[in-house]
Every structure is written in structure tokens, then in C-alpha cells.
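Peer 1: Have a look; sequence and predicted model below, questions after that.
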Amino acid sequence: MAICHKCPDQDDSLEEDTMNLYSPPTLLQLARQKLLREEALTIFALEDLPKELLPEMFKEAFTDGKTKILRAMIPVWPFPCLPVGTLIKDSNLDLLKAVLEGLDILLAQKLRSSRCKLRVLNLRNEHHEFWKIWAGSHEGECLPQFMTQKQPVKNSPDCGVKKHLKVTTDFKLMEGRLDESATYLLQWAQQRKDSVHVCCRNLQIQGLCIATLIETFKSIDPYCLQELELKRIWVDDLKFLIPYIRQMKNLLTLILTDFTEIITLDGNEELDEKEMSRFISQLPSFYCLQNLHLNILFVDKILKECLRCLKNPLETLCVTYCNLSQTDLDYLPDCLNICKLKHLNLSSVYLCTLSPEPLGVLLERVRDTLQSLELQSCGMTDRHFSALLPGLSQCFHLTKINFHGNKLSLPALKQLLEHTANLRLLSQEQYPAPQECYDNMHRVITHRLENFGPELLDILRAKRQPKRIIFSTLRCIKCNGFFVYGLETQHCLFQH
């Protein structure tokens, strides 16, 4: 495509895009491409290559499956950390083996290369600043300060001997099984337990297999765990977990979910509740826990016990898809362990038959810290929201609210918007469409939502400019879809 620089009508952006499209590769890019094509030369020259070349070269070798180069780069890696979790796609076992074989070479060296600074191999699938810095614009520049400083590995007090390397990862035990890569990693680590410290940050257990769990904890240190999710666990197996949970001194997030499938052999549901309560009562005191997520059918029997296990205030309380008793709701405002909540989620907790006043008092108690409030599909009506408004209007730090799925009349919705209009930090808002948008058969009358939309938005615009906001109907019994009025489109849209 030719561009005429003399043509006055020529689009400058077109010229810029064309220049970018045909911009020649940099010298570093050419050098990397040359080295990746000649594996033997690369492996021979790794010790002498500028370390500025290595990060992008490592990523390209990963993408191209150059396992020999990957294996050889590990023993000469010039940075304290190697974050490969985001690079390994679909649990690629061959690439993982290449990396671990590189670690074996490093561990076997009696005299380690003075160039190698590697102390931590990060296998977690998380964004890492390291790759962002080396994405392109920093090529050839001085190393960022955090990369040039020595970062010694801090082993947990319970590790025993000092480890040479730390491998940070997450594990998922799905229906009692680990995937192929996780199984290989654990076996590898178990054989090198005197020199490698496996630091598991996130452990998800769905369907417990005791034998697999025992093998897992032979290689990982419970002290390192920060997040534990237990899902679909049999009652009889819960007590087996207690000794391990008691070692999780640094646990930040505990998720107990889908225990509705817990049954005893005789199908006695009352015994299930007692067993679950016994499990909760045996939980240790959590000194670090910040986030508690509960999705349990009979959570009203154990909520107080869960909160009493805490020794410091929670940041997140998420109780969803279950029932609360009035006693539980009355208890929440007086619980010191949730007096500094940042995130409260009671979505799909049926509050219709409960007195809402304690929830309003709770909002007043956490008004200085609360950042997100989710009360989606709680069966709340005008009287419930009326009780919340005094407390809600004081939560000036809120950035997100979700009230979708409740039943509000048009006057009550307007009153709610008049209060949330004062919350100037809100960036995400979700409200229910007013009940006037339905006919007597609970079918959605779409043109009414479209007519109400501008008036509802104007209530907010009188005091602030909303950012992301939608008004959404309940599921229509005729078409089984939702109708949404949004700020961007400002007309009614159908959604499945």
C-alpha cells in the first residue's frame, strides 16, 4: 500500500499504522530469532549472553516448544524469580518437565554459576510484573531496582532444613484427583524434599480422596497456604481435614461450598447438620483470615461458630445461595469480627420473611470501610430497602452495588436512587427494574422499562455522573429472558 505524503486528504493515522506495520525488528529481536533457530549455539553461549536478552527469549522458547533451550536457561537464569505459570498453557507436561529438568541441573551443580540468581520458580497462573516489564519497551534499559537486589528466600518456620529452591504453585484436587502436571510436580518434589520447598498458595478440594490428600501434603507445607476451598466433601471425611487445617497459620481465604450434597448413609439430614457443626467447632482460631465464603444449605446452624473462629476482623463476608435465620441476621451487627468489612455479599439469601433492620444497622457499622455490597436475588421488597437506606446512604466508600433480582416499586426505586446518588465513588451499579414493568401475569412490558429509564438516570445525574449502571428485569415467564436498560445503549435489550 502506497501513501502519498503530498495529498492533503491523506489520513495521518493510516500513515502511522503503516509505519508500525512495516517497522523493522530491533537488533535484540534479530539476535533472539537467530539464537532460537540455532539451539546448539544458544546453549553454548548462554553464559555470555546479555541478560537483557533472556526474558523475551525464554518466552519465545516457551511458545515454540524449545525444551532443550528452556532446560539450559534455568541454571544460568540471572534473576531471583522465574514466573512461568502464565506461560504454561493447558498444563503442558513436556514444558513443565523441561523446566524441572533445568532445576535438576542447577541442584546437581557443586559450584553454581555466579550468574545464576534463581531462588523461586513461580508456577501460579497469575499476572506477574516481571513479564510486563520485559514486554518490549524496556529492552536495553537498566534493570528495574527490584530485579537487581538480592531477594533471599524466606522459608516458613516449620520447614525444618533450609531449602535451596522454592516452587510456588496452586493445586486442584478434582473428584479426588490431581491433573497429570500436578502429579508429576509432587512426585518430583517428594524426591527432592531436602532441597526444594513446594509452597502451595491456593488449594481447591472438590470431592475428597484421602489417599491423594495424604500424598499431596507429603510435598507441600500447610503453613504456606493462603486460600482453601472445600467443595462437595462427605461429612465423614471432614474430620480428616482438621489436623491439616490447624497447620494453615497463614490462611487468608476460606471457602466452604456445595455442602448440600453431604448425606449420611441412612440419609438422616439432622445428623448432617450436627456433623457439620462438629467440624466447624473443631476449626482452629484463624489469626490471618480475611475472606470467608459460605455456600451451605444449613449455614444458619453454623454461621455464628464460623465467625467465632476469627481473631481479627474480616474484609470479605460472602454468604450465598442459602438460608439465614432471624437470629443470625440479628447477630451480624454485633459481631466484632465483621465491623471492618470491605465486601459484603448476601446474594440469593432469601430475606423476604426476615426483619431487615439488623442489616441496616450493619451497614451503619461498616460505613467507613465498605466498598462493595451485593444483595442480588434476595426477595427484598420496598420495606426491606426502606430499612437499609439510612445506613446505605452513609457508605461513601462504596464502589460497587448489586440489587438486581429484588422486587421494588417505582417510587421505592426512585427513593433508593436518591440515596445512592450521594455515593460519588460508585463505578458499578445494578438495580432491579420496577414492578410496574410487569403485567398481571409477571410478563415483562419492555416499553415501560424503556420509558422509565431516562427518568431514573436523571435522578443520579442531578448529583453525579453514573459510570456503569443497568436496570434489569427478573426472568420473563414468557420468553425466559432478561430485559436490561443500560447507560450506554439507553434502550431496552434482551439477554438470556
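Peer 2: Okay, I see it. Numbers count the residues shown, from 1 in each chain.
Peer 1: Around Asn480, how many other residues sit close by?
Peer 2: Residue crowding around Asn480 was assessed by other Cβ atoms under 10 Å; the count is 8. Backbone N, C-alpha and C define where each C-beta goes, glycine included.
Peer 1: Quote the end-to-end distance of stretch 454-470.
Peer 2: Start to finish, the residues bounding stretch 454-470 are 12 Å apart (Cα to Cα, to the nearest Å).
Peer 1: Buried residues, it. List them.
Peer 2: 456-457, 459-460, 466, 469-470 (16 or more other Cβ atoms under 10 Å).
Peer 1: out of those residues, what pair is the most spread apart?
Peer 2: Distances among these were taken as Cβ to Cβ; the most separated pair is Ile459 and Ile470, at 15.0 Å.
Peer 1: contacting residues for Phe79?
Peer 2: Contacts for Phe79 (Cβ atoms under 8 Å, 6 or more residues apart in numbering) come out as 51, 55, 117-118, 130, 147.
Peer 1: so which of the residues you listed is the most crowded?
Peer 2: For the contacts of Phe79, neighbours tallied by other Cβ under 10 Å; top is Leu118, 23 neighbours.
Peer 1: So for it, what's the nearest residue that isn't a sequence neighbour?
Peer 2: Excluding the flanking residues, the one nearest Leu118 by Cβ to Cβ, 6 or more residues apart in numbering is Trp77, at 4.3 Å.
Peer 1: The one you found - how many residues pack around it?
Peer 2: Trp77 has 24 neighbours, counted by other Cβ under 10 Å.
Peer 1: Pretty sure it sits against Cys116.
Peer 2: Yes - using Cβ atoms under 8 Å, Trp77 is in contact with Cys116, at 5.9 Å.
Peer 1: which one is Ala433 nearest to, not counting chain neighbours?
Peer 2: For Ala433, the spatially nearest residue (Cβ to Cβ, 6+ apart) is Thr473, at 4.3 Å.
Peer 1: Can you list phi and psi of the one you found for me?
Peer 2: Note on Thr473: backbone dihedrals following degrees, to the nearest 10 are phi -80, psi 170.
Peer 1: residues in contact with it?
Peer 2: 432-433, 437-438, 444, 449, 482-484.
Peer 1: Report the buried members of those.
Peer 2: Among the contacts of Thr473, the ones that count as buried by 16+ other Cβ under 10 Å are 432-433, 437-438, 444, 449, 482-484.
Peer 1: Out of those residues, name the ones that lie in strands.
Peer 2: Those of the buried ones among the contacts of Thr473 mapping onto strands are 432, 482-484, per DSSP state E.
Peer 1: Of the residues you listed, which is the nearest to Leu297?
Peer 2: Nearest to Leu297 among those: Pro432, at 25.7 Å, using Cβ to Cβ.
Peer 1: Ignoring the adjacent residues along the chain, who's closest to the closest one?
Peer 2: Leaving aside its chain neighbours, Pro432 sits nearest to Asn406 (5.0 Å; criterion: Cβ to Cβ, 6+ apart).
Peer 1: Same check on Arg201?
Peer 2: Nearest non-adjacent residue to Arg201, counting by Cβ to Cβ, 6+ apart: Gln226, 4.9 Å away.
Peer 1: Can you give me the neighbour number for Thr26?
Peer 2: Thr26: 12 surrounding residues under other Cβ under 10 Å.
Peer 1: how near is it to Glu56?
Peer 2: Distance of Thr26 to Glu56, given as Cβ to Cβ, to the nearest Å: 10 Å.
Peer 1: And for Leu426?
Peer 2: 41 Å.
Peer 1: Repeat that for Leu307.
Peer 2: With the distance defined as Cβ to Cβ, Leu307 ends up 49 Å from Glu56.
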